[in-house]
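> Just need the structure, nothing else, for what follows:
(one chain, ligands or ions: 2)
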Amino acid sequence: MKKTIKIRVPGTTANCGPGFDSIGIACTIYNEIEFTFTPAGPIEIVIEGEGAGLLPETADNVIIKAVQMVFDRIYSRYPHCQQSRWQGIRLHMNNAIPLSRGLGSSAAAIVAGLVAANELCGNNLNKEEILEIASAMEGHPDNVAPAVYGGITVSVAEASQVHCIRFIPKADFSMVVAIPEFNLSTKLARKVLPDSVPFQDAVFNIGRTALLVSSLYEGKLDFLQYALIDKIHQPYRSKLIPGMPEVFTAARKAGALGAALSGAGPCLIAFALSDLNKIGKAMVNTFSQHNVKAYYKVLGIDQEGAKII
Ligand SMILES: Nc1ncnc2c1ncn2[C@@H]1O[C@H](COP(=O)(O)OP(=O)(O)O)[C@@H](O)[C@H]1O
Ligand SMILES: N[C@@H](CCOP(=O)(O)O)C(=O)O
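Ligands and ions are numbered 1, 2, ... in the order given. A predicted model of the protein is given here:
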């Protein structure tokens, strides 16, 4: 007996400037993963696209770890199910989300494993539980929440709970992502952050985060020019991404509403209504003036989140 489940999961852009560890947007860039579960057998992993030849093809792969998390949660709740535990797992990935660039590849992997295993086990866990496990695995909720729900999410983790509100903005916009051809692990990009920030910087971010959420929600996108500015993580990460402030300026000059670091970087993301290719080219050119090879993609907001296909 075997069971096959295919899932599509979006990449995400987190923080969006001031909303550090809280705000996230699901983007129209996807990994597709086919899971084949058998009661007995080895773990087999085939990877096409991003991460091929780089990601672990063993039980160390975070997708397998996520599957095991769901099995453990369900079997601790229903011990009589233990006998039917699925041992053989084959993954066939087709990945479009680049690794360690700030587009939530790890969140996508975690959420894919959790949602697929939950589907296999009859959807015993609801989306809130999936989000809680995902947030604990990822260490912060801002990428995993939009990967689960789609749209824009505002999330706060408190002990083992995640409080999350998801919405679709009243006005649509596009996101132009400049993707440098170098990796920056989120772990490293968190190491450069300080233990504390000046009170005035905290106040600066609180106001802008509130303005960001309300301007996105209401579709009052002119406010983004003020609302995307951050003082508590981007300035510290700037040294890891040559040309970051200049790329932001180039994006705005080319017509963007505003720009920010995508997640922990190194991707930089501009929010825009028009001039999308002009903005992308300006960002890539400015990166190249700082000896960073980059390309760009124009993305929209994914509204569905992780989805069985
Ligand atoms: N498709 C995938 N399958 C398994 N693990 C993945 C996958 N994508 C990413 N990961 C894991 O996530 C790590 C990258 O995470 P991270 O540094 O947080 O960057 P990102 O901003 O892309 O999430 C990879 O080194 C790998 O361990
Ligand atoms: N809030 C996190 C977001 C990391 O996003 P990623 O896509 O770079 O993994 C942070 O800024 O560290």
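
> what's the span of stretch 14-25, first residue to last?
Start-to-end span of stretch 14-25 (CA to CA, to the nearest Å) is 6 Å.

> close to ligand 1, is it?
No: Stretch 14-25 is not in contact with ligand 1 by CB under 6 Å from any ligand atom; minimum separation 8.3 Å. For the C-beta atoms, the positions are set from N, CA and C on the backbone; glycine is no exception.

> Pull out the buried residues from that stretch.
The neighbour-count check on stretch 14-25 (16 or more other CB atoms under 10 Å) flags 14-25 as buried.

> What of stretch 214-221?
For stretch 214-221, by 16+ other CB under 10 Å, it's 215-217, 221.

> Would you reformat the buried residues of stretch 14-25 as CSV and include secondary structure?
Converted to CSV, those look like this (DSSP: H, G, I helix; E, B strand; the rest coil):
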residue, secondary structure
A14, strand
N15, coil
C16, coil
G17, coil
P18, coil
G19, coil
F20, coil
D21, coil
S22, coil
I23, strand
G24, strand
I25, strand
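
> Among these, name the ones that also lie close to ligand 2.
14-15, 20-21.

> quick one: the strands in the stretch 1-150 of the chain?
For the stretch 1-150 of the chain, applying DSSP state E, counting those that start in this stretch gives strands covering 3-14, 23-38, 43-49, 88-95.

> Export the ones next to ligand 2 among the buried residues of stretch 14-25 to CSV and append columns for pLDDT.
Below are those laid out as CSV (pLDDT from 0 to 100):
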residue, pLDDT
A14, 98
N15, 98
F20, 98
D21, 98
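
> tell me which parts of this protein are close to ligand 2?
Selection of the chain residues close to ligand 2 by CB under 6 Å from any ligand atom yields 14-15, 20-21, 102-104, 106, 140, 142-143, 186, 189-190, 233, 263-264.

> Of the residues you listed, which count as buried by neighbour count?
14-15, 20-21, 102-104, 106, 140, 142-143, 186, 189, 233, 263-264.

> Could you report the distance from I165 to D275?
Per CB to CB, to the nearest Å, I165 is found 31 Å from D275.

> hmm, back to that, now, among the ones next to ligand 2 among the buried residues of stretch 14-25, which is nearest to ligand 1?
Nearest to ligand 1 out of those is A14 (CB to the nearest ligand atom; 8.3 Å).

> Now for that closest one: which residues touch it?
Listed by CB atoms under 8 Å, 6 or more residues apart in numbering, the contact partners of A14 are 21, 23-24, 102, 104, 140, 142-143, 262-264.

> mind listing what the residue of the stretch 151-300 of the chain found nearest ligand 1 touches?
Closest to ligand 1 within the stretch 151-300 of the chain is T186: 3.3 Å, counting by CB to the nearest ligand atom. Going by CB under 8 Å, 6+ apart, T186 touches 100, 102, 106, 263-264.

> Could you rerun that using 6 Å?
Listed by CB atoms under 6 Å, 6 or more residues apart in numbering, the contact set of T186 reads A264.

> Same check on the one 10 residues further on?
For S196, no residue counts as a contact, taking CB under 6 Å, 6+ apart as the criterion.

> does it sit in a helix, a strand or a coil?
Going by three-state DSSP: S196 is coil.

> which SS class is R166?
Three-state call for R166 (three-state DSSP): strand.

> in the lowest-mean-pLDDT helix or strand in the chain, what counts as buried?
One helix or strand of the chain scores below all others by mean pLDDT, DSSP states H and E: helix 62-77, with a mean of 92. By 16+ other CB under 10 Å, the buried positions in helix 62-77 come out as 62-64, 66-67, 69-71, 73-75.

> Go back to these and keep what's next to ligand 1.
Contacts with ligand 1 within those, as defined by CB under 6 Å from any ligand atom: 62-63.
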